[in-house]
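Novice: For reference, the sequence and a predicted model appear below.
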Amino acid sequence: MHKIHGSGLPLFMIHGNGVDHRILLPLDGALAESGIFERHYIDLPGFGESDPLSNAGGLPELADWLESEIHSIIGDGPFAVLGNSMGGLLCQEIADRFEDAVQGIFLIAPAVYPDSEQRTLPERAVAIHDQELFLSLSKRDAELFADVAVIQTRDAWEEFSKWVLPGILSANLRAMAKLAKRYFLEPLPLHRENQLSIPVSIVCGRDDHVTGFEDPQRLTLRYPDLHLKIIESAGHNVHIEQPALVAHEIRAWAERVQRLPLSK
């Protein structure tokens, strides 16, 4: 599945594990305001409307597929990437593979380490809990929402059920099982020596117990022009829970990308 919104510099939107492109659609308004991006929403293989890969189906294979997809769409032209969670790790990988073409990177709650045991994670926290809401939900919906939500209100649930839940329910479980067996990149982007001097912004929730907010700070070693924003009262779906603050960061990043000469 591949949907295009707007026109301008191609921006590839890469979702995380267990969801699909719809989790990133709430960002489209802020991206459209910038007026500089042609937004490419892609379902990775095995998620949303995309068929799973026939081969091993791990992170290396997803990266290969994504590299081929980008090249088939824009050739050797300039582009930017935006990724969430696992999609943030794939963005780091793709930026290295297209070092001479990538113009900017925006990461939302990115995975830095695929192995969860290597991650620095905060304790589970809930900022707001609406008990009446949870009594009105099915057991399945309540569990899926509570698993990641820091702000557990009806408004937050409505956003989650619109943008996140459909991708969760449509994910191919066999593809996810294959991905889990090869959930690594070697070497990790974090551990590579080259630096990319392009506009990079990272947004994390202070209460993100899935990928955390501390590990992304290590990426300053790779990206000298990195801006990191840690948002309070937000978890792994920080852009769902604090949309206005994330939209502000997107607009600021877009301005930095727009100022970058297209000289590559």
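Specialist: All right, it came through fine.

Novice: Skip ahead from the least confident helix or strand in the chain by mean pLDDT and say which helix or strand is next.
Specialist: Ranked by mean pLDDT, DSSP states H and E, the weakest helix or strand in the chain is strand 2-5, scoring a mean of 91. Downstream of strand 2-5, the first helix or strand assigned by DSSP states H and E is strand 9-14.

Novice: what pairs with that next one, and is each one parallel or antiparallel?
Specialist: The strands beside strand 9-14 in its sheet (DSSP bridges) come out as strand 37-42 (parallel), strand 79-84 (parallel).

Novice: can you list those in TSV and add mean pLDDT and mean neighbour count?
Specialist: Glycine gets a C-beta too; all of them are placed from N, C-alpha and C. Listed next are the strands paired with strand 9-14 as TSV, based on pLDDT from 0 to 100; neighbours: other CB atoms under 10 Å:
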stretch	mean pLDDT	mean neighbour count
strand 37-42	98	22
strand 79-84	98	26
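
Novice: quick revisit: contact partners of the least confident helix or strand of the chain?
Specialist: By CB atoms under 8 Å, 6 or more residues apart in numbering, the list of residues contacting strand 2-5 from outside reads His21, Asp28, Leu31, Ala32, Glu38, Arg39, His40, Tyr41, Ile42, Asp43, Glu69, Ile73.

Novice: swap in stretch 183-191?
Specialist: The contact list for stretch 183-191 (CB under 8 Å, 6+ apart) reads 58-60, 63, 89, 92-93, 95-96, 112-115, 218-219, 221-222.

Novice: if you set the cut-off to 6 Å instead, what comes out?
Specialist: If you take CB atoms under 6 Å, 6 or more residues apart in numbering as the criterion, stretch 183-191 is touched by Leu59, Gln92, Glu93, Val112, Pro114, Arg218.

Novice: ok, the fifth one - contacts?
Specialist: Same thing as Pro114. Tyr183, Phe184.

Novice: Figure out which of the strands paired with strand 9-14 is closest to Lys178.
Specialist: Comparison of those against Lys178 by CB to CB identifies strand 37-42 as nearest, at 18.9 Å.

Novice: and the spatially most central residue of the chain, what are its bridge partners?
Specialist: What sits nearest the mean C-alpha location of the chain, by CA atoms, centre = their mean, is Asn84, with 0.9 Å. Beta bridges link Asn84 to Ile108, judged by DSSP bridges.

Novice: Asn17 is in contact with that one, correct?
Specialist: No. Asn84 is beyond contact range of Asn17, at 9.8 Å (criterion: CB atoms under 6 Å).

Novice: can you give me the strands in the chain?
Specialist: Under the criterion DSSP state E, the chain carries strands at the ranges 2-5, 9-14, 37-42, 79-84, 102-108, 128-129, 151-152, 200-205, 226-231.

Novice: what about the fifth one, average pLDDT?
Specialist: Put plainly, it is strand 102-108. Averaged over strand 102-108, pLDDT sits at 98.

Novice: do you know how far Leu260 is from Pro78?
Specialist: 9 Å (CB to CB, to the nearest Å).
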